[in-house]
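Peer 1: below: sequence and its predicted model.
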Amino acid sequence: MSDPLVLITTQVAVRTLTLNRPAALNSFTAAMHAELLAALDGAAADEAVRCVVLTGAGRGFCAGQDLSEPGMGADGQAADVEGVVERLYKPLALRIRSMPVPVIAMVNGVAAGAGANIALGCDIVMAARSASFIQAFSKIGLVPDGGGTWLLPRLVGRARAIGLAMTGDKLPAEEAQAIGLIWRCVDDAALVETTMALAARLATMSSRALAATRRILDEAMPMDYAAALGQEARVQGEMSRGADFAEGVSAFLQKRPALFKDR
């Protein structure tokens, strides 16, 4: 039997999903898409999972789309890149964005093309100092996908987004942190320990509140100030009717750690 294309491990309440095509820098195939989407669905359905970490095996995170795959034109057939993006990348990006728990991208090496944008679509990106991010699309006559057109200008502004997308230049992780593209860059040797410590910390928090935080920040982007304030009030109302709010207040008043259970 062939090795799984996505390795699944669980440590307490943290589920780690590892893209497992190291010889191809974990570039995406239709089969790997299917396994990753199923693994994310499984984590979403498992009440014991309270944080997900997405990473890559070997020396890379993900080099983007495997261009030798059917639909990419390498086999002499007409390319169906639109279909590949619509059938595979759109559902994957939306699944990550709708997870009921936080999702951390642990970028251990190069993240290129759609691989970079799938990482950036996670809630928090932790990267090794040797890692890099490359919007490689222009080099093969394409535009950013995997959510890149939405993510890049919101993360780093229009000028940097256009520069990164048009040039396709390699952006070192340290610079990616400096311009606000990612959350944090750490020494390679500290990446796993630092990321898993963060995941364990998030797993003890209110999953329901963290998922709502992602949603309300995204939804506030096109709103005016008054609309955002109104949205805050509505979502605070939802949160305050949950058991986690009552537990958080009780724990605060009793000066003890809270035990959150909502998801």
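Peer 2: Cool, got the structure.

Peer 1: buried residues of the helix or strand bottoming out on mean pLDDT in the chain, list them for me.
Peer 2: Comparing every helix and strand of the chain by mean pLDDT, DSSP states H and E singles out helix 81-84 as the least confident one, with a mean of 93. By 16 or more other C-beta atoms under 10 Å, the buried positions in helix 81-84 come out as residue 84. Every C-beta, even on glycine, is put in place using the N, C-alpha and C of the backbone.

Peer 1: any regions of this protein where pLDDT drops low?
Peer 2: Within the chain, the set of residues satisfying pLDDT under 70 comprises 1, 76.

Peer 1: all strands for it, in order.
Peer 2: Listed from the start of the chain, the chain has strands (DSSP state E) covering 6-11, 14-19, 51-56, 60-62, 103-107, 110-112, 124-128, 132-134, 170-172, 184-186.

Peer 1: can you add mean neighbour count and distance to residue 229 and give these back as TSV?
Peer 2: Supplementary listing: those in TSV, determined by neighbours: other C-beta atoms under 10 Å; distance: least, C-beta to C-beta, whole Å:
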stretch	mean neighbour count	distance to residue 229
strand 6-11	14	39
strand 14-19	24	34
strand 51-56	26	30
strand 60-62	28	38
strand 103-107	27	28
strand 110-112	27	36
strand 124-128	26	26
strand 132-134	23	34
strand 170-172	17	35
strand 184-186	18	30
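
Peer 1: hmm, back to that, what about the least confident helix or strand of the chain, distance to the chain center?
Peer 2: Centroid displacement of helix 81-84 relative to its chain, using C-alpha atoms, centre = their mean, to the nearest Å, is 21 Å.

Peer 1: got the CA positions of that helix in PDB?
Peer 2: Once side chains and other backbone atoms are set aside, the C-alpha atoms of helix 81-84 remain, and they are given as PDB (Å, rounded to 0.1, in the frame of the first residue of the first chain):
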ATOM      1  CA  VAL A  81      -7.100  25.300 -14.600                       C
ATOM      2  CA  GLU A  82     -10.500  26.900 -13.900                       C
ATOM      3  CA  GLY A  83     -12.000  23.500 -13.000                       C
ATOM      4  CA  VAL A  84      -9.000  22.600 -10.800                       C
END
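
Peer 1: mind listing residues that contact that helix?
Peer 2: 30, 65, 69, 71, 72, 73, 142 (C-beta atoms under 8 Å, 6 or more residues apart in numbering).

Peer 1: select from those the one having the most neighbours.
Peer 2: Scoring the contacts of helix 81-84 on neighbours with other C-beta atoms under 10 Å, the highest-scoring entry is residue 65 at 28 neighbours.

Peer 1: assess the claim that that residue and residue 113 are in contact.
Peer 2: Yes: under the contact definition of C-beta atoms under 8 Å, residue 65 touches residue 113, with a separation of 6.3 Å.

Peer 1: in helices, which of the contacts of helix 81-84 appear?
Peer 2: Members of these lying in helices (criterion: DSSP state H): residue 30.

Peer 1: tell me who's in contact with residue 58.
Peer 2: Contact partners of residue 58, counting by C-beta under 8 Å, 6+ apart, are 22, 23, 25, 26, 109.

Peer 1: domain-wise, how is the chain divided?
Peer 2: Partitioning the chain according to automatic domain parsing yields domains covering residues 6-203, 207-254.

Peer 1: residue 253 and residue 246, how far apart?
Peer 2: Residue 253 sits 11 Å away from residue 246, going by C-beta to C-beta, to the nearest Å.

Peer 1: so between these two, which is more surrounded?
Peer 2: For residue 253 versus residue 246, the count of surrounding residues by other C-beta under 10 Å is larger for residue 246: 12 against 8.
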